[in-house]
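Chemist: missing the sequence, but the structure's below:
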């Protein structure tokens with residue numbers, strides 16, 4: 001039976017490993033709070049970023065992270081005054097590294113017109129290059145400058161090259177960047193569809209990674225476990241990939257929050273997800289019992305309980321549709337889609353009534369309520385986490401991946417739901433140890 005599984009966190013909790021995270025952040029200013037508060041970030045020794053969109057006039061101290069040193073290079077500082085990209089907005093590259101790690105930044109002898117931060121891990125004798133190529137920079141110029149930089153460093157050394165090169169490695173067309181890097185002896189370990197990449201490097205400079213791309217409806221994990229200079233693993237490619245969206249006018253919304261469109265057409269659900277729903281409903285009483293925490297001498301309100309785990313409540317209109325309004329707020333940051341979510345959920349229950357009929361109990365409305373909640377989780381393809389006073393967050397499965405979460409809170413005395421976000425208003429994500437599972 002297929003189980004709910006966490007996107008495997010490859011980061012190693014060992015002094016023999018260094019953990020590196022790379023992300024094209026598309027705006028450090030608007031995404032800084034999410035970056036520093038995300039549970040994955042907190043396990044990284046190095047955080048390599050591209051497209052910070054910061055210029056030289058912005059105060060670097062505004063982006064300090066506790067326990068880390070920051071190196072940042074703006075786009076204008078990476079290109080000479082007469083280069084077309086010198087005055088172009090956006091770009092920028094950054095490195096966060098832990099205070100207790102010794103590195104030495106490596107500078108080129110000449111201005112290369114290359115967006116990069118290069119540094120050496122002194123103890124491990126490993127050189128890391130965090131690099132970005134704008135789609136506006138020709139591949140020929142980029143390769144010329146990158147090759148010059150690699151040869152200046154010494155191509156025979158242990159070099160870990162990571163970045164966003166804006167070359168479609170899945171295309172049948174020529175791939176000059178990939179071809180050139182292979183000719184220099186640089187072997188690919190992973191290609192990304194613009195997602196966060198995580199790597200752990202051991203004392204022998206071997207890289208362990210389990211990055212994978214997900215098409216949430218039906219594509220399985222695509223995991224690789226490589227060392228440097230091994231052939232590129234063969235992975236299944238999603239039937240569709242998500243292209244980068246144009247930057248919206250609302251840059252205040254965090255990138256971790258992704259809007260979801262609810263279709264009014266028939267929802268096709270695989271048997272595995274229905275199995276998960278049935279298992280959840282079969283074990284509901286035990287799950288609810290496990291969620292109850294021991295009574296404390298200190299009396300907390302629900303607001304205080306959530307504040308202790310860095311979450312807060314967003315009030316939702318109470319008109320009988322509060323659950324669906326709360327889910328709409330989680331997905332879209334407004335309540336306007338509640339009617340669509342509700343009608344689609346009802347249609348789903350009607351179409352699968354034979355599967356849920358055994359759980360309907362006229363004498364107990366609780367399970368009937370959870371049947372509806374479980375159906376909604378499948379409709380929006382998210383795991384719903386319900387917070388209640390005096391209980392651990394209860395997990396209702398709707399996605400194969402535990403980090404696909406929406407958070408709401410419930411008041412049994414008022415029969416009311418509100419939406420829950422993190423302390424700064426971004427999408428909440430809790431680690432598995434804080435959740436009650438089936």
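Modeler: The structure has been received and is ready for your questions. Predicted model, so just to flag it, every value in this text is computed and none were measured.
Chemist: where does the chain have low pLDDT?
Modeler: For the chain, the stretches with pLDDT under 70 are 1-15, 170-171, 189-195, 203-270, 294-298, 361-368, 438.
Chemist: could you pull out the strands for the stretch 201-350 of the chain?
Modeler: 207-209, 311-314 (DSSP state E, counting those that start in this stretch).
Chemist: sheet partners, orientation included, of the last one?
Modeler: When you say that, I think you mean strand 311-314. strand 416-422 (antiparallel) (DSSP bridges).
Chemist: residues contacting the partner strand, please?
Modeler: 37, 306, 310-316, 318, 322-323, 325-326, 329-330, 385, 387, 407-411, 427-428 (C-beta atoms under 8 Å, 6 or more residues apart in numbering). C-beta coordinates here come from the backbone N, C-alpha and C atoms, glycine included.
Chemist: repeat that for stretch 131-142.
Modeler: So stretch 131-142 is in contact with 24, 50-51, 75, 84-85, 88, 91, 93, 113-116, 146, 161-167, 176-177, going by C-beta under 8 Å, 6+ apart.
Chemist: PyMOL command for the buried members of those?
Modeler: Buried members of the contacts of stretch 131-142, defined by 16 or more other C-beta atoms under 10 Å, are picked up in PyMOL with:
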select buried, resi 24+50+51+75+85+91+93+113+114+115+116+146+161+162+163+164+165+166+167+177
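Chemist: just the ones of the contacts of stretch 131-142 in strands?
Modeler: Secondary structure from DSSP state E places 24, 50, 93, 115, 116, 161, 162, 163, 164 of the contacts of stretch 131-142 in strands.
Chemist: contacts only, for residue 108.
Modeler: Residue 108 touches 114, 148, 149, 152, counting by C-beta under 8 Å, 6+ apart.
Chemist: tally of neighbours for the last one?
Modeler: Translated: residue 152. The criterion is other C-beta atoms under 10 Å. On that basis, residue 152 has 15 neighbouring residues.
Chemist: what does the third one give?
Modeler: Residue 149 has 19 neighbouring residues, counting by other C-beta under 10 Å.
Chemist: that one falls within a helix, correct?
Modeler: Yes. Counting by DSSP: H, G, I helix; E, B strand; the rest coil, residue 149 is part of a helix.
Chemist: you'd agree it is up against residue 118?
Modeler: Yes. If you go by C-beta atoms under 8 Å, residue 149 and residue 118 touch, sitting 7.2 Å apart.
Chemist: what ranges do the helices span in the stretch 101-250 of the chain?
Modeler: 139-153, 176-183 (DSSP state H, counting those that start in this stretch).
Chemist: and of the ones you listed, who's closest to residue 129?
Modeler: Evaluated over the helices of the stretch 101-250 of the chain, closeness to residue 129 peaks at helix 139-153, with 7.5 Å, by C-beta to C-beta.
Chemist: I figured residue 197 hits residue 19, correct?
Modeler: No. Between residue 197 and residue 19 there is no contact under C-beta under 8 Å: 11.4 Å.
Chemist: deepest-packed of the helices of the stretch 101-250 of the chain, please.
Modeler: helix 139-153 (a mean of 17; mean count of other C-beta atoms under 10 Å).
Chemist: now that helix against helix 176-183, angle please.
Modeler: 30 degrees (axes from the mean of the first three to the mean of the last three C-alpha atoms, to 10 degrees).
Chemist: give me the distance from helix 139-153 to the chain's centre.
Modeler: Distance of helix 139-153 from its chain centroid, counting by C-alpha atoms, centre = their mean, to the nearest Å, is 31 Å.
Chemist: swap in stretch 344-363?
Modeler: 33 Å.
Chemist: tell me which residues in it are buried?
Modeler: If you call a residue buried by 16+ other C-beta under 10 Å, then stretch 344-363 has these buried ones: 344, 345, 347, 348, 349, 352, 356, 359.
Chemist: chain center to stretch 20-29: distance?
Modeler: 11 Å.
Chemist: for it, how far is the first residue from the last?
Modeler: Start-to-end span of stretch 20-29 (C-alpha to C-alpha, to the nearest Å) is 21 Å.
Chemist: contacts only, for the nearest residue to residue 161 once chain neighbours are set aside.
Modeler: Sequence neighbours aside, residue 129 is the residue nearest to residue 161 in space, at 4.8 Å (criterion: C-beta to C-beta, 6 or more residues apart in numbering). Shown in contact with residue 129 (C-beta under 8 Å, 6+ apart): 116, 117, 118, 149, 150, 159, 160, 161, 162, 163.
Chemist: one more time with 7 Å, if that's ok
Modeler: Residues in contact with residue 129, defined by C-beta atoms under 7 Å, 6 or more residues apart in numbering, are 116, 118, 159, 161.
Chemist: mind putting the helices of the stretch 101-250 of the chain into a markdown table with distance to residue 376?
Modeler: Formatted as a markdown table, those follow (distance: least, C-beta to C-beta, whole Å):
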| stretch | distance to residue 376 |
| --- | --- |
| helix 139-153 | 47 |
| helix 176-183 | 43 |
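Chemist: outline the domain layout of the protein.
Modeler: Structural domains annotated on the chain: 17-209, 271-434, as defined by automatic domain parsing.
Chemist: separation between the closest residue in space to residue 125 that isn't next to it in sequence and residue 120?
Modeler: Distances taken as C-beta to C-beta, 6+ apart place residue 158 nearest to residue 125, at 6.4 Å, with adjacent residues excluded. For residue 158, the distance to residue 120 (C-beta to C-beta, to the nearest Å) stands at 9 Å.
Chemist: can you list residues touching both of the two?
Modeler: Common neighbours of residue 158 and residue 120 (C-beta under 7 Å, 6+ apart) are residue 127.
Chemist: more crowded one of the two?
Modeler: Legend: neighbour count by other C-beta under 10 Å for residue 158 and residue 120, higher for residue 120 (19 against 16).
Chemist: wouldn't that one be in contact with residue 105 here?
Modeler: No. In this structure, residue 120 is not within contact of residue 105 by C-beta atoms under 7 Å, at 8.2 Å.
Chemist: next, count neighbours for the residue nearest to residue 334 when sequence neighbours are not counted.
Modeler: The shortest distance from residue 334 to any non-neighbouring residue, by C-beta to C-beta, 6+ apart, is to residue 328 (6.7 Å). Other residues near residue 328 number 25, with proximity taken as other C-beta under 10 Å.
Chemist: what of residue 289?
Modeler: Residue 289: 9 neighbours (other C-beta under 10 Å).
Chemist: quick one: it from residue 390, how far?
Modeler: In terms of C-beta to C-beta, residue 289 sits 13 Å off from residue 390.
Chemist: many thanks, I have nothing further to ask.
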